[in-house]
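Visitor: here is a sequence together with a model predicted from it:
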Amino acid sequence: GVHAEELLRSTESTDPVIGERVVTAVSMSDGQPPLAIGTLNGVVKRWNRESPTTMDSWGIIDLKDGDSVVFAAPASDEDRLVFISSDASLLTYEAGNVRPQGRTAGGMAGIRLAEGCHVVAFNAIEAGKIAWTYEEGDNGLFSASGAVVLTVAGDAEALPGTDNGAAKVTPLEMYPTKGRGTGGVRSQRFLKGQNALLFAWVGMYPLHASTEHGTPVELPKPDMRRDGSGVELAAPIAFAG
């Protein structure tokens, strides 16, 4: 394989930006749905995929100063967009609430953030993959599938890598849909010593987590309480998927 950063530096039509990094890879083949983009400051956009034919790279959202793209994924009208903020607020609604725009547009309000907060995670989940199914056998093993929300609460003032955090995994369907640009609902209850989400992720179950060096981190079983507290982890999570 090749590090994504090496591919990014090979583009010819955009100047490098300090701190720029790859957040996702998407197909550019014909017939793809609009690309949903979520930013650090809570902006959402669905790019209509109109693009130049004479350039190998180009911007797809007009970001304001201090803002950056958290994640981007294809989203049809019936698919679900999900924002999670640093104060554990989760907002989800159908992608059809965000009209597609051209590549130079700046997007629109995606989630209303509390003062001092920022977006920790964003994703688009296919409508047909949200439903949660769960079955536990007599031997204690279980099988499950569907979209889930992973949140890890801890102390935002702690040095990076020193606070393992407390994790919670909950099916996405446990969270109610609300209007675009509104405040979310609480996705995890903070305990003493916890004041922010250190990590968050939304995607399909089963999921796996690892440290910065690739060591697996065991996650707790799914919790049906959408605003319950988490379970202490053995190591800090850097990646999930």
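Guide: Here it is on my side, so go on.

Visitor: now do stretch 159-169: distance from first to last residue.
Guide: End-to-end distance for stretch 159-169, by Cα to Cα, to the nearest Å: 24 Å.

Visitor: quick check: phi and psi at residue 231.
Guide: phi -110, psi 130 (degrees, to the nearest 10).

Visitor: can you give me the pLDDT of the closest residue to it other than its chain neighbours?
Guide: Closest residue in space to residue 231, ignoring its immediate chain neighbours: residue 220 at 4.1 Å, by Cβ to Cβ, 6 or more residues apart in numbering. From N, CA and C alone the C-beta is placed, and that goes for glycine too. At residue 220, the pLDDT value in this model is 95.

Visitor: residue 220 and residue 232, how far apart?
Guide: Remark: distance between residue 220 and residue 232 (Cβ to Cβ, to the nearest Å) = 9 Å.

Visitor: ok, now residue 70?
Guide: 26 Å.

Visitor: neighbour count winner among the two?
Guide: Higher neighbour count among residue 70 and residue 232: residue 70, with 23 against 11, using other Cβ atoms under 10 Å.

Visitor: just checking, the more buried one touches residue 122?
Guide: Yes: at 4.6 Å, residue 70 counts as touching residue 122 under the criterion of Cβ atoms under 8 Å.

Visitor: common neighbours of the two, please.
Guide: 38, 39 (Cβ atoms under 8 Å, 6 or more residues apart in numbering).

Visitor: tell me who's in contact with residue 23.
Guide: Residue 23 neighbours (Cβ under 8 Å, 6+ apart): 69, 70, 71, 72.

Visitor: now residue 126
Guide: Contacts of residue 126 (Cβ under 8 Å, 6+ apart): 76, 79.

Visitor: how near is it to residue 94?
Guide: In terms of Cβ to Cβ, residue 126 sits 12 Å off from residue 94.

Visitor: now do the shared contacts for these two.
Guide: residue 79.

Visitor: what segments of the protein are helices?
Guide: 4-8 (DSSP state H).

Visitor: in it, where is pLDDT below threshold?
Guide: Scanning the chain for pLDDT under 70 picks out 1, 9, 140.

Visitor: centre of it to the edge, which residue is at the far end?
Guide: residue 138 (34.6 Å; Cα atoms, centre = their mean).

Visitor: tell me the buried residues in stretch 190-207?
Guide: Using 16 or more other Cβ atoms under 10 Å as the burial criterion, the residues of stretch 190-207 that qualify are 190, 194, 196, 197, 198, 199, 200, 201, 202, 203, 205.
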